[in-house]
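**Student:** show me the folded form of this:
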Amino acid sequence: MTGGPAAARGPAGEHLDVVIVGAGLSGVGAAHRLQTRCPGLAYAVLEARAAMGGTWDLFRYPGVRSDSDMFTLGYSFRPWRGGRSLADGAAVRRYIEDTARESGVERHIRFRTKVVGADWSTAHARWTLAVERTDDAGRVTRSTLTCSFLYACAGYYDYDRGHSPRFPGIGSFTGTVVHPQFWPQDLDHSGKRVVVIGSGATAVTLVPALAGRAAHVTMVQRTPTWIAPVPGRDRTADRLRSLLPAAVAHRLIRARSILFGIGFHQFCRRRPAAARRLLTGVARRALGDTGGRLVKEHFTPPYDPWDQRLCAAPDGDLFTAVKEGAAEVVTDHIDAFVPEGVRLRSGRVLAADVVVTATGLRLLALGGIAPRVDGRAVDLAEQFVWRGAMLTGVPNLALCIGYTNASWTLRADLTHRLVCRVLRHMERRDLAAVVPEPDRPLAGRPLLDLASGYVRRSVGAFPRQGDRGPWRLRQNYLLDAATVRARFGRTLKGVPRSAVTAPADRPAGFRTGAVR
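**Tutor:** The predicted structure is shown next:
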């Protein structure tokens with residue numbers, strides 16, 4: 001077929017003990033844990049993009065930054081030593097790259113290698129992965145490799161598509177329309193009128209970043225979002241780092257950040273009325289809104305704090321931009337685009353040279369991999385997630401899902417450690433395959449328990465969590481950390497190697513190296 005990907009074989013008989021999908025924050029952390037806790041296993045990290053960093057390499061819009069503090073978003077085994085606790089995207093990306101290089105993980109990463117198919121063979125207890133490799137000239141070749149265990153660390157964002165509602169009349173607009181996920185690096189917004197559509201974390205980040213050079217920025221939202229000003233630099237952390245040895249300071253700062261995050265989340269969930277008063281009071285002071293009208297209209301959501309993810313504003317930058325008149329927040333619905341800008345349902349027309357559609361993201365389960373077991377497609381929505389990591393009905397596969405109310409990396413690292421425990425468990429018991437099975441029927445709940453629009457739009461295609469024990473995802477790091485060493489009990493079912501037919505070209509199970 002002219003112009004189509006060419007078929008090609010990979011390295012003859014290539015078989016790996018573990019394949020990690022994704023070389024972002026999660027994938028690099030998983031590889032580090034794997035090579036330190038299971039040093040005898042052969043592994044590779046397959047990354048579809050040409051660079052590591054994942055989300056932090058993809059998103060390049062102005063002001064992109066972490067919305068969790070770096071003392072917990074960073075790795076526990078490599079302390080964050082930057083000055084700002086909410087770091088910009090480039091700093092996070094360098095941190096990931098430096099970690100991969102210093103730990104030796106970088107040597108195991110295969111860039112421009114996308115997993116497009118995964119089929120588990122019960123008879124041989126292995127995955128056969130179909131991969132597409134893209135060279136510098138853009139040519140794509142297809143090949144296969146096999147592995148004993150597959151670990152999906154690609155997060156849950158769709159990197160190829162963002163959420164873009166159809167706005168009437170958008171074709172008539174004479175200015176520039178951009179989506180933050182695909183920000184053109186040559187876009188100059190200096191002196192221009194900018195309208196940002198959306199009120200989530202991306203919009204809250206973009207507005208103050210654009211306001212510094214734009215003539216004016218207007219954020220249009222259908223519904224307000226809870227926004228909390230937080231210090232961009234943690235002075236207490238700076239003090240501890242100046243007084244204590246680095247390792248001690250890191251543990252104390254990290255513990256303090258974890259406890260504060262859990263405490264504030266519990267406060268919001270258990271005392272929503274008090275949390276509302278606190279957040280609206282902080283917003284009024286930051287805006288100088290003595291009468292409270294501005295906060296009531298534009299900064300008081302109809303839902304309780306943490307029903308949706310709470311947005312952080314470092315040093316209150318969004319409030320400052322609004323207070324100083326460089327930015328405006330408008331709560332209304334978009335009626336249509338017009339040549340000169342955006343017309344609202346109220347009839348007001350917002351004149352614009354640039355419109356940014358910060359309308360959200362799309363979610364994608366398992367990085368888009370559609371697993372098959374013995375040639376039959378797996379309906380992910382019918383599966384349950386055990387300990388936030390492994391799926392019913394799918395042997396020797398794990399996925400990495402972080403917290404929604406705290407730093408992603410906190411839960412991700414617990415999952416990495418759990419996967420390593422599972423691998424060692426298999427080696428000690430001479431098992432070729434394992435799969436979790438509930439002892440009785442489970443009541444299903446959404447895997448991501450948030451009311452946010454981007455979650456509701458896509459979560460139905462994801463596996464589900466259960467209603468009890470190891471099948472329920474707890475949004476509490478302390479409880480999860482306390483049970484990470486708990487016994488597997490009878491939930492994790494294993495298949496001994498003696499029951500597997502080994503292919504002629506390679507043995508089944510973890511035979512490439514010895515697990516210690």
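**Student:** mind listing the helices for the stretch 401-516 of the chain?
**Tutor:** Secondary structure of the stretch 401-516 of the chain (DSSP state H, counting those that start in this stretch): helices at 408-428, 453-458, 477-483.
**Student:** right, I mislabeled it, should have said the stretch 101-250 of the chain
**Tutor:** For the stretch 101-250 of the chain, helices defined by DSSP H, counting those that start in this stretch occupy the ranges 201-211, 235-243, 246-270.
**Student:** how far off helix 246-270 does the shortest one point, in degrees?
**Tutor:** An angle of 160 degrees separates the directions of helix 235-243 and helix 246-270 when computed by axes from the mean of the first three to the mean of the last three CA atoms, to 10 degrees.
**Student:** which elements pack onto helix 235-243?
**Tutor:** helix 246-270 (3 or more CB pairs under 8 Å, 6 or more residues apart in numbering; DSSP states H and E). The C-beta positions use only the backbone N, C-alpha and C, and glycine is treated the same way.
**Student:** which elements pack onto the helix it packs on?
**Tutor:** Secondary-structure packing of helix 246-270 (3+ CB pairs under 8 Å, 6+ apart): helix 70-73, helix 235-243, helix 272-287, helix 477-483.
**Student:** mind doing that once more with 7 Å?
**Tutor:** helix 70-73, helix 235-243, helix 477-483 (3 or more CB pairs under 7 Å, 6 or more residues apart in numbering; DSSP states H and E).
**Student:** least reliable of those helices by average pLDDT, please.
**Tutor:** Lowest mean pLDDT within the helices and strands packed on helix 246-270: helix 477-483, at a mean of 87.
**Student:** using CSV, write down the CA coordinates of that helix.
**Tutor:** What follows is helix 477-483 as a C-alpha-only set of coordinates in CSV (Å, rounded to 0.1, in the frame of the first residue of the first chain):
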residue,chain,number,x,y,z
TYR,A,477,-1.8,8.8,50.9
LEU,A,478,-1.3,7.9,54.6
LEU,A,479,-3.8,5.0,54.4
ASP,A,480,-2.4,3.8,51.1
ALA,A,481,1.2,4.0,52.3
ALA,A,482,0.3,2.0,55.4
THR,A,483,-1.2,-0.8,53.4
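**Student:** those strands in the stretch 1-150 of the chain, which residues are they?
**Tutor:** Shown for the stretch 1-150 of the chain, the strands assigned by DSSP state E, counting those that start in this stretch span residues 6-7, 15-21, 43-46, 109-110, 113-121, 126-134, 140-152.
**Student:** tell me the most buried of the helices of the stretch 101-250 of the chain?
**Tutor:** Stretch with highest mean neighbour count among those: helix 201-211 (a mean of 25; mean count of other CB atoms under 10 Å).
**Student:** for it, packing partners?
**Tutor:** Using 3+ CB pairs under 7 Å, 6+ apart as the contact test, the elements touching helix 201-211 are strand 193-197, strand 216-221, strand 311-314, helix 317-323, strand 327-331.
**Student:** next one: the third one to chain centre, how far?
**Tutor:** For strand 311-314, the distance from its own C-alpha centre to the chain's C-alpha centre is 18 Å (CA atoms, centre = their mean, to the nearest Å).
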